[in-house]
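J.: 3D model of this:
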Amino acid sequence: MTADRGFLGVPYARLAALLDPVAVGAPVVADAGDARETVRIRMARAALGTMCEPGDLDAGALVAALGPVEALTAIVDDEDASRLLQRIGGTSSSARQRARLDEALKRWRARGTLESGVRALEMAAHVGARLLTPEDAAWPDGLPSLGAGEPLALWVRGDPGRLAGLRRSIALVGARAATGYGEHVAMESSAGLGDRGFAIVSGGAYGIDGAAHRAALASGHVTVAFLAGGVDRLYPAGHSDLLRRVADTGLLLGELPCGSTPTRWRFLMRNRLIAASSAATVVVEAGQRSGSLNTAGHAAEIGRPLGAVPGPVTSPASAGCHRLIREYAATCVTTVEEMAELAGPIGAPGGTAGDASADASVRNGADGDDLTVLAALSDACGLEPGDLARATGRPVRDVSAALGRLELSGTVRLTGRGWEAVR
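T.: This next block holds a predicted model:
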């Protein structure tokens with residue numbers, strides 16, 4: 001009988017026992033052949049998810065080039081950047097590429113291990129979460145549009161069969177500090193769209209998100225909440241009961257393993273999943289600096305239909321929506337029928353996608369690194385580039401470049417204590 005050598009030192013029988021309780025679909029077995037390859041792929045994606053921050057384009061590119069199994073093996077086996085680049089693209093790599101990959105490898109190795117992936121599977125089984133990977137038939141159709149930013153995996157609470165509802169879904173997003181007008185529109189829109197067969201996607205936050213989820217639940221429709229931390233970390237705490245109800249009748253989704261804490265930059269990265277998984281995005285109410293404009297930017301970037309609800313011209317809470325309509329070709333929507341017209345099945349033409357070039361400006365004139373660094377500085381002050389790199393999971397070189405751009409725009413400044421956001 002052939003010995004069970006396992007994957008990276010973990011026996012296949014143990015891996016199958018870990019993966020089976022969290023599998024989506026057929027039971028996981030440890031037999032030879034294709035079954036073992038499935039075990040390796042799922043284990044690799046679970047482990048990589050503990051090593052990489054959401055939206056890590058370096059990790060996405062490595063997995064796209066080598067596959068998850070070879071990518072994890074290279075990280076765990078301490079393969080150096082030069083050899084790895086030769087495997088990926090021959091001998092034409094530059095010193096900058098080698099330095100970037102070397103920095104990324106150090107970052108990933110410091111954040112997680114294969115055993116971290118094992119613990120992630122154990123914690124998921126404990127709370128009843130499932131591991132969903134791009135190899136699964138239930139993987140949301142819209143996520144590949146993110147390219148290298150596509151999640152390595154998703155963790156799911158709720159019936160995975162409801163994932164099919166994302167093919168006909170609309171994201172309703174907006175300000176946490178919503179007005180009565182905004183919450184009324186969100187609830188009416190959510191219930192009306194649900195009546196027309198749309199799943200309602202949002203982020204579980206206070207304000208517009210919560211109103212959209214509550215109305216969908218009250219109407220007996222499917223609603224999906226993307227979380228910025230682990231699916232066992234129901235945040236905000238004031239929405240714990242609401243999110244449990246979403247898990248019971250809809251879905252909670254997140255790309256970070258159970259136990260992961262939501263942070264400001266993780267919220268920004270989470271927004272790309274809301275935009276990509278939905279057939280259209282509607283901003284119900286948003287101020288000039290609302291985080292929902294970040295979601296709108298992601299939707300515009302990947303060509304998803306984008307709508308915005310107008311509000312009173314005297315209301316600062318609607319200034320962001322008016323800006324989307326005026327400057328970035330978002331469709332002005334005032335009724336449920338107009339919102340429904342925006343959305344067709346994901347991947348099919350339909351609605352008005354808006355101006356994709358608006359993405360950077362909608363997101364306050366910053367690219368992804370700028371937003372991530374700015375979010376980290378908004379939570380603390382007096383930080384050095386090295387501190388920001390560790391906090392955000394971005395290379396020091398990219399953090400320094402982002403700081404330079406943000407300083408030129410007057411958004412951050414260098415003081416005697418370090419870098420600070422300009423309040």
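
J.: the residue positioned nearest the centre of the chain: what secondary structure?
T.: The residue lying closest to the centre of the chain (C-alpha atoms, centre = their mean) is residue 270, at 3.2 Å. When classified by DSSP: H, G, I helix; E, B strand; the rest coil, residue 270 comes out as helix.

J.: residues contacting the closest residue to it other than its chain neighbours?
T.: Setting aside the residues directly before and after it, residue 270 is nearest to residue 228 in space (C-beta to C-beta, 6 or more residues apart in numbering), at 4.3 Å. (C-beta placed from N, C-alpha, C; glycine too.) By C-beta atoms under 8 Å, 6 or more residues apart in numbering, residue 228 lies in contact with 203, 235, 254, 256, 262-263, 266-267, 269-270.

J.: what is the nearest of those residues to residue 314?
T.: Of all the contacts of residue 228, the one with the least separation from residue 314 (C-beta to C-beta) is residue 203, at 27.4 Å.

J.: if I look at the closest one, how far off is residue 232?
T.: Distance of residue 203 to residue 232, computed by C-beta to C-beta, to the nearest Å: 17 Å.

J.: one more: residue 243?
T.: 11 Å.

J.: and if you look at residue 329?
T.: According to C-beta to C-beta, residue 329 and residue 232 sit 40 Å apart.

J.: which one of those two has more residues nearby?
T.: Taking neighbours as other C-beta atoms under 10 Å, residue 329 and residue 232 compare with residue 232 leading, 20 against 16.

J.: so that one, which of the three states?
T.: Of the three states, residue 232 takes coil under three-state DSSP.

J.: list the contacts of it.
T.: Here residue 232 is in contact with 123, 127, 129, 258-259 (C-beta under 8 Å, 6+ apart).

J.: now, which of these sits nearest residue 308?
T.: Among the contacts of residue 232, residue 129 lies closest to residue 308 (C-beta to C-beta), at 33.9 Å.

J.: verify the stated contact: the closest one with residue 24.
T.: No. Checked against C-beta atoms under 8 Å, the pair residue 129 and residue 24 is beyond contact range at 10.6 Å.

J.: quickly list what's touching both of the two.
T.: In contact with both residue 129 and residue 24: residue 156, using C-beta under 8 Å, 6+ apart.

J.: settle it for me: which of these two has more neighbours?
T.: Between residue 129 and residue 24, counted using other C-beta under 10 Å, residue 129 has the larger neighbour count: 27 against 18.

J.: look at the more buried one and report its pLDDT.
T.: We have a pLDDT of 97 for residue 129.

J.: look up how far residue 258 lies from it.
T.: For residue 129, the distance to residue 258 - C-beta to C-beta - is 6 Å.

J.: what residues are shared contacts of the two?
T.: The contact sets of residue 129 and residue 258 overlap at 155, 231-232 (C-beta under 8 Å, 6+ apart).

J.: for residue 211, phi and psi?
T.: Note on residue 211: backbone dihedrals following degrees, to the nearest 10 are phi -60, psi -40.

J.: quick one: contacts for it?
T.: When contacts are taken as C-beta under 8 Å, 6+ apart, residue 211 is in contact with 178, 182-183, 186-187, 190.

J.: can you map out the strands along the stretch 101-250 of the chain?
T.: Ranges of strands within the stretch 101-250 of the chain are 130-132, 154-158, 169-174, 199-202, 223-226, based on DSSP state E, counting those that start in this stretch.

J.: same list (the ones you listed) but as CSV, adding mean neighbour count and distance to residue 339.
T.: Listed next are those as CSV, based on neighbours: other C-beta atoms under 10 Å; distance: least, C-beta to C-beta, whole Å:
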stretch, mean neighbour count, distance to residue 339
strand 130-132, 24, 27
strand 154-158, 26, 24
strand 169-174, 31, 6
strand 199-202, 30, 11
strand 223-226, 28, 15
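
J.: closest to residue 292 out of the ones you listed?
T.: Of those, nearest to residue 292 by C-beta to C-beta is strand 169-174, at 4.3 Å.

J.: okay, residue 398 and residue 389: tell me how far apart.
T.: Distance from residue 398 to residue 389, by C-beta to C-beta: 8 Å.

J.: turn the shared contacts of residue 129 and residue 258 into TSV, including distance to residue 341 and pLDDT.
T.: Conversion of these to TSV gives the following (distance: C-beta to C-beta, whole Å; pLDDT from 0 to 100):
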residue	distance to residue 341	pLDDT
155	33	98
231	33	97
232	38	96
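
J.: now, which of these sits nearest residue 302?
T.: After measuring those against residue 302 - C-beta to C-beta - the closest member comes out as residue 155, at 22.4 Å.

J.: correct me, but that closest one touches residue 247?
T.: No. Using C-beta under 8 Å, residue 155 is not in contact with residue 247; the gap is 11.6 Å.

J.: shared neighbours of the two, anything?
T.: residue 231.

J.: let me see the backbone angles for residue 304.
T.: Torsion angles, degrees, to the nearest 10, at residue 304: phi -80, psi 140.
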